[in-house]
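>>> With the sequence up front, the predicted model follows.
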Amino acid sequence: MPPVQRIPQGQHEPSILEKMKMGAIMGATAGTIIGVMFGGISIYQNGPGPNGYMRTMGQFIGGSAAMFGLFMSIGSMIRSEGRSPEEWRMMYQASLQRGIKRD
């Protein structure tokens, strides 16, 4: 009976969509915290206005969470479009062969 074949199972790098979702979640979390802080300060200083406390806080929280989430998802997507370590290594070796040195 032949031995059982070993299948290499390792962790893989998250896809761009997964990185984008992770950035959106982190941004929405940060935006929620900022919205609570600035919304609370604004309501404390200026009053809730005609919408009441809860609606005004909801607008602050929702607006800042959406904005931070959008920007963080776009930023994490842009950041993930880099070269792999192997590509960087090949570029470095090619630059050494051409005689380009970096201090």
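Looks like it came in fine. Numbers count the residues shown, from 1 in each chain.

>>> element containing the residue positioned nearest the centre of the chain, please.
With distances taken as Cα atoms, centre = their mean, the residue of the chain nearest its centroid is Gly23 (2.4 Å). Assigning secondary structure by DSSP states H and E places Gly23 in helix 16-46.

>>> Any buried residues in that helix, and which?
Within helix 16-46, the residues that qualify as buried by neighbour count (16 or more other Cβ atoms under 10 Å) are 19-20, 23-24, 26-28, 30-32, 34-35, 39, 43. C-betas here are computed from N, CA, C, even on glycine.

>>> what ranges of this protein fall below the confidence cut-off?
Along the chain, segments meeting pLDDT under 70 span 1-12, 81-83, 100-103.

>>> same thing but at 90, please
Along the chain, the model assigns pLDDT under 90 to residues 1-19, 49, 51, 75-103.

>>> how far away is the residue nearest to the centre of the chain from Gly75?
Gly23 sits 6 Å away from Gly75, going by Cβ to Cβ, to the nearest Å.

>>> now Phe68
Separation of Phe68 from Gly75 (Cβ to Cβ) stands at 10 Å.

>>> go on, Asn51?
In terms of Cβ to Cβ, Asn51 sits 32 Å off from Gly75.

>>> What of Gly69?
Gly69 sits 11 Å away from Gly75, going by Cβ to Cβ.

>>> anything in contact with each of those two?
When contacts are counted by Cβ atoms under 8 Å, 6 or more residues apart in numbering, Gly69 and Gly75 are jointly contacted by Gly23.

>>> Looking at Asn51 and Gly75, which is more packed in?
It is Gly75, of Asn51 and Gly75, that has more neighbours when counted by other Cβ atoms under 10 Å, with 15 against 11.
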